Each structure stands twice: as structure tokens, then as C-alpha cells.
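Chemist: Below are the sequence and a predicted model for it; my questions follow.
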Amino acid sequence: DTAVSQTPKYLVTQMGNDKSIKCEQNLGHDTMYWYKQDSKKFLKIMFSYNNKELIINETVPNRFSPKSPDKAHLNLHINSLELGDSAVYFCASSRGIDNSPLHFGNGTRLTVT
Amino acid sequence: EDKVVQSPLSLVVHEGDTVTLNCSYEVTNFRSLLWYKQEKKAPTFLFMLTSSGIEKKSGRLSSILDKKELFSILNITATQTGDSAIYLCAVVSNTGNQFYFGTGTSLTVIP
């Protein structure tokens, strides 16, 4: 049983294209996140949703648009991809109301050529 | 600005050595500090610390938090090659339940 699953695992695309990454969690968590991990392995928060409502929106280009159709899903759409968008994108979830850890998906490695 | 700093950035040791990884933080409205281990894929949860001075232990790994000096350490004794990974420290803020990650420590254990 996969707790936090994201698809695709790998995504190779050309500059200027639009792509989406999907994430689903079956843990019953209220809060979901998108993180970007760069080549130096630094995990930076991009967005956070709590019960389908956006609560954190860090300084991220507006080419990135998250969508949460329900609290078990948080998708990430990226328009006009740039070389600098190449990274591993992790979806994560947590209970959000108490001291509960983040549970991560296995990541999507995005390569923009 | 909230930040989490880990040191060292990387470490190479021999099997059997003991290592200490450091995490210092400046986060407003602190709630808890977590340690994660990242091998090839997703970071996996190791410990959560909320109170100063109480050691959390799991096998050869242990961790402690000092909320006065704003840091935590992760100790690994009798290291094994399977301990090779990136160890990430994250601090949780009560504001928006945000998790701030450090830059990680890359540990390599050689036989």
C-alpha cells in the first residue's frame, strides 16, 4: 500500500512545454505539500494545502499552479518550462493539526532540455 | 528569516565509527524538530523532538534537542555501510504548519 504516491516518476521534456505532476495520499491527512529538491539536495517548500485550501505559497513563479480537487490529491501544473525547473519534486502530507511528521512520495525527477 | 543550518555538509567515515550530525535553527513559533534519512528516493522519518534534553533512541541512532541553544544533534554509533545517506533536519513552525528543511548532511560509510 503506497501512502503518498506521485506520478510520473520521471519526466523529460523540452523548454516551453506545459506538464503536470499528480499526487495522491491514502493516509487521511489534511495537509499536503509540494517541495522542490535541487541538485544540492536542498528541499524547499513550494506550496501547502490544508483541506483543499492554499495556506503556504512561497516565492514560486506563477508558472507553477497547484490544484487540490480534494484533500487526498494535490497536483502541480507547470507552464512554459525552463531549464532551471529541472529538479526532483516531492509531494508530502501530514496530519497538520498536531506534531505529526511529513510523509513523502518517491519524487518526480523533472528534466527540462 | 527562518532558517535551518546543518553541519557538516558531507562526511566520510569508516564502518564502526561514531558520527555526530548537527542542526541549528532560527524559526519563529517553533513546534518541533524532525530528522529524516534520504537514500535514493523519498526521505524517511527517523525522529521527532519537541522537548529539550530528552533523548530519542532507535537502535544505533539517537538524537537530542536543545531549545535554549536552538540546535539538535543526531548520533550514529557503530556505523554501517547502510547508514550512507543524506540526513535531513526539519523544523516545524506553528505558523501554517510549515516544515523548514536544512541543506542536509551527506554521510558516506566506507567498509
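Modeler: Nice, I can see it.

Chemist: my guess is A:Asn57 contacts A:Ile45, does it?
Modeler: No: using CB atoms under 8 Å, A:Asn57 is not in contact with A:Ile45; the gap is 9.6 Å. For the C-beta atoms, the positions are set from N, CA and C on the backbone; glycine is no exception.

Chemist: What residues does residue 89 make contact with?
Modeler: Chain wasn't specified; assuming chain A. A:Gln6, A:Ile21, A:Trp34, A:Tyr35, A:Lys36, A:Gln37, A:Leu76, A:Gly107, A:Thr108, A:Leu110 (CB atoms under 8 Å, 6 or more residues apart in numbering or on different chains).

Chemist: That was the other one, I meant chain B.
Modeler: Going by CB under 8 Å, 6+ apart, B:Cys89 touches B:4, B:6, B:21, B:23, B:25, B:33-36, B:72, B:74, B:101-102, B:104.

Chemist: and what of A:Thr108?
Modeler: Listed by CB under 8 Å, 6+ apart, the contact set of A:Thr108 reads A:Gln6, A:Thr7, A:Pro8, A:Lys9, A:Tyr10, A:Leu11, A:Ile21, A:Val88, A:Tyr89, A:Phe90.

Chemist: nearest to chain B, of those residues?
Modeler: Closest to chain B out of the contacts of A:Thr108 is A:Phe90 (6.6 Å), distances taken as CB to the nearest CB.

Chemist: what's the nearest residue to that closest one if we skip its chain neighbours?
Modeler: A:Tyr35 (4.5 Å; CB to CB, 6 or more residues apart in numbering or on different chains).

Chemist: I figured that neighbour was touching A:Leu76, is that so?
Modeler: No: look at A:Tyr35 against A:Leu76 with CB under 8 Å: they stay out of range, at 10.5 Å.

Chemist: Now for these two: what residues contact both?
Modeler: Common neighbours of A:Tyr35 and A:Leu76 (CB under 8 Å, 6+ apart) are A:Met46, A:Tyr89, A:Cys91.
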